[in-house]
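Visitor: build the 3D model from these lines:
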Amino acid sequence: MTDLFKNIDWRKQIFPRRENLTDDLTTIDFLKAAALILMIIDHVGWLLLPDFEILRTFGRLSAPLWFFLIGYARTREIPMRWFIAVFILFLSSVLVGLQPIPLSILMVMALTRVIIDPFWRWAKNYQVYFWWMILLLIFFAYPTDMFLEYGTMGFLIALAGYAVRNRADIIQDFGNRFPEMLMIVALGAYGTLEAMIFGMSAINVMILAAGLIGTYFILIDFESKTLPGTAGDVQAPLVRFMGRYTLEIYVIHLLILKAVFGLQMIARWVL
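Guide: Coordinates of the predicted model:
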């Protein structure tokens with residue numbers, strides 16, 4: 001075990017180079033940038049402005065984008081830096097007095113990469129049980145969310161991302177319009193659960209529903225592709241940075257927000 005950790009290139013794990021990626025922007029860059037903006041809005045509402053429910057409502061639109069991309073991706077690599085990030089965020093929560101459980105969304109993403117291919121092989125062979133399994137994922141979404149952020153609901157949305165990426169094979173195996181049905185069920189169940197957990201007001205439920213409908217139309221025909229000629233665009237450096245250093249931004253912004261939260265708690269005690 002000691003030799004295993006000695007052989008890890010920690011600099012590459014924590015700050016990997018992106019030299020293999022094109023200077024032109026990609027559709028994934030834009031989707032990740034949108035997910036990051038929504039995520040930061042959500043976390044600001046969580047830690048600094050809890051009275052502004054609208055921030056959490058908009059923030060609920062972030063997680064479906066991340067899990068969609070996990071299911072859509074072809075890679076099944078689980079970087080060591082994911083687990084480093086989980087540990088750092090766990091420790092930071094403990095230090096500022098926040099509840100460290102559930103563990104970071106990264107844990108569900110890692111588990112998803114392990115089981116998503118076996119799941120689809122099982123689903124192909126036992127199609128009669130597929131929608132029963134989907135109901136189980138929805139049923140266990142709330143209890144599993146207590147331990148891992150988004151729990152089985154995250155896996156369900158990732159399944160929809162997989163179905164979109166592998167549309168031709170999925171339609172051949174499960175029938176026409178299957179990706180659409182799965183996406184509707186996943187986003188509908190997600191929105192319902194989040195509205196219940198947060199006890200959203202009627203107006204915020206409507207905003208969330210409208211956002212998820214828009215998310216459906218963005219994701220259902222999503223295609224990963226490079227956008228030629230975008231390297232020199234004004235927004236290119238920012239979008240490229242947000243799209244290709246998402247993990248680093250995720251960890252750093254949470255550490256900053258938690259530090260501010262901790263300082264606010266100290267100030268209240270002193271005053």
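Visitor: test my guess that Arg240 contacts Leu25.
Guide: Yes: if you go by C-beta atoms under 8 Å, Arg240 and Leu25 touch, sitting 6.2 Å apart. C-beta coordinates here come from the backbone N, C-alpha and C atoms, glycine included.
Visitor: what ranges do the helices span in the stretch 151-271 of the chain?
Guide: Taking DSSP state H, counting those that start in this stretch as the criterion, the stretch 151-271 of the chain contains helices spanning 151-165, 167-174, 178-198, 202-220, 236-244, 246-270.
Visitor: is it possible to get a markdown table of those that adds distance to Thr230 and mean neighbour count?
Guide: Formatted as a markdown table, the helices of the stretch 151-271 of the chain follow (distance: least, C-beta to C-beta, whole Å; neighbours: other C-beta atoms under 10 Å):
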| stretch | distance to Thr230 | mean neighbour count |
| --- | --- | --- |
| helix 151-165 | 22 | 25 |
| helix 167-174 | 26 | 14 |
| helix 178-198 | 27 | 19 |
| helix 202-220 | 18 | 16 |
| helix 236-244 | 6 | 17 |
| helix 246-270 | 18 | 14 |
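Visitor: which of those helices sits closest to Asp145?
Guide: Closest of the helices of the stretch 151-271 of the chain to Asp145 is helix 151-165, at 4.0 Å (criterion: C-beta to C-beta).
Visitor: quick one: low-confidence parts of the stretch 1-150 of the chain?
Guide: Counting by pLDDT under 70, the stretch 1-150 of the chain contains low-confidence ranges at 1-20.
Visitor: quick one, helices of it?
Guide: Assigned by DSSP H, counting those that start in this stretch, the stretch 1-150 of the chain shows helices spanning 2-6, 10-14, 27-47, 53-59, 62-72, 80-95, 105-125, 130-139, 141-145.
Visitor: what's near enough to touch the most centrally placed residue in the chain?
Guide: Centroid-nearest residue in the chain, with C-alpha atoms, centre = their mean: Trp66, separated by 2.9 Å. Contacts for Trp66 (C-beta atoms under 8 Å, 6 or more residues apart in numbering) come out as Ala35, Met39, Ile105, Met109.
Visitor: and of the residues you listed, the nearest to Val164?
Guide: Ala35 (15.9 Å).
Visitor: neighbours around that closest one, how many?
Guide: Other residues lying near Ala35 total 23 when counted by other C-beta atoms under 10 Å.
Visitor: just checking, it touches Ser62?
Guide: Yes: assessed by C-beta under 8 Å, Ala35 is found in contact with Ser62 at 5.1 Å.
Visitor: look at the closest residue to Gln264 other than its chain neighbours and say how many residues are nearby.
Guide: Leaving aside its sequence neighbours, Gln264 sits nearest to Leu48 (C-beta to C-beta, 6 or more residues apart in numbering; 7.8 Å). By other C-beta under 10 Å, 13 other residues sit near Leu48.
Visitor: over to Leu48: give its phi and psi.
Guide: phi -110, psi -30 (degrees, to the nearest 10).
Visitor: can you tell me how far it is from Ile249?
Guide: 17 Å (C-beta to C-beta, to the nearest Å).
Visitor: repeat for Ala210
Guide: 27 Å.
Visitor: swap in Met181?
Guide: Computed as C-beta to C-beta, the Met181 to Ile249 distance reads 34 Å.
Visitor: and Leu227, what are its phi and psi?
Guide: Dihedral pair for Leu227: phi -110, psi 100, per degrees, to the nearest 10.
Visitor: give me the number of residues near it?
Guide: Neighbours of Leu227 using other C-beta under 10 Å come to 15.
Visitor: look up the closest residue to it, ignoring the ones flanking it.
Guide: Counting by C-beta to C-beta, 6+ apart, Leu227 lies nearest to Leu25, which is 5.1 Å off, once chain neighbours are set aside.
Visitor: cool, and Leu193?
Guide: Ala141 (5.6 Å).
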